[in-house]
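Chemist: below are the sequence and a predicted model; questions follow.
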Amino acid sequence: MTNLNDRARKRLDERLAVAKPMKQQTPPPKGWIRAIRDGLGMSGAQLGKRIGATPQNVEQLEKSEAAGTIQLQTLEKVARALDATLVYALVPNTSLEDTVHQRARTIAMRAITRVAHTMRLEDQATGSGELEESIDQYIRDELADRDLWSEA
């Protein structure tokens, strides 16, 4: 299953590798806004003045961020006011290459298992080495990236 997306996927995997440690970073209990504001010694009123909001609005923003319901554009605005940079990324649990390979293998196994079942019924079962070869061949010859995500 080699195509033009392979190189792009590998480059993206390389770029995302630096973000892997960030997955382990859990936000402070009251959220990053509150933690950074407190770390700077800035009051809610002072932050509010910097973003054009009331202290009550700042408190709402902090609660919204801690709850995970804050909008990204609002978080970006607050980050600028705190002289911070908003870092936003989706970090895959495994490499994109591994995810694509595993998905292709699952689909190939499903298709080949149906054929293997029929062959067993006809007393033409194949060995595990042949099964692996069949899986690789199915992935190579039958699947394209666009086919991987058509079904659940």
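Modeler: Arrived safely, thanks for sending.
Chemist: residue ranges of each domain in the protein, please.
Modeler: 1-19+92-152, 20-81 (automatic domain parsing).
Chemist: could you measure from Lys20 over to Thr54?
Modeler: Using CB to CB, to the nearest Å, we find Lys20 at a distance of 39 Å from Thr54. Just so you know, the C-beta spots here come from the backbone N, C-alpha and C atoms, and that holds for glycine as well.
Chemist: do the same with Thr26
Modeler: Distance of Thr26 to Thr54, given as CB to CB: 29 Å.
Chemist: more neighbours: which of the two?
Modeler: Just comparing Thr26 and Thr54: by other CB atoms under 10 Å the higher neighbour count belongs to Thr54, 12 against 6.
Chemist: quick one: pLDDT of that one?
Modeler: At Thr54, the model reports a pLDDT of 97.
Chemist: picking that back up, among the domains of the chain, show me which one is buried the most.
Modeler: Stretch with highest mean neighbour count among those: domain 20-81 (a mean of 15; mean count of other CB atoms under 10 Å).
Chemist: what about Val78, distance to Gly39?
Modeler: Computed as CB to CB, the Val78 to Gly39 distance reads 14 Å.
Chemist: mind jotting down where the helices sit in the protein?
Modeler: 5-17, 32-40, 44-51, 55-67, 72-81, 96-121, 128-142 (DSSP state H).
Chemist: okay, those helices in JSON lines with distance to Trp149 next?
Modeler: Below are those laid out as JSON lines (distance: least, CB to CB, whole Å):
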{"stretch": "helix 5-17", "distance to Trp149": "12"}
{"stretch": "helix 32-40", "distance to Trp149": "33"}
{"stretch": "helix 44-51", "distance to Trp149": "40"}
{"stretch": "helix 55-67", "distance to Trp149": "31"}
{"stretch": "helix 72-81", "distance to Trp149": "25"}
{"stretch": "helix 96-121", "distance to Trp149": "7"}
{"stretch": "helix 128-142", "distance to Trp149": "15"}
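Chemist: fine, thanks again, bye for now.
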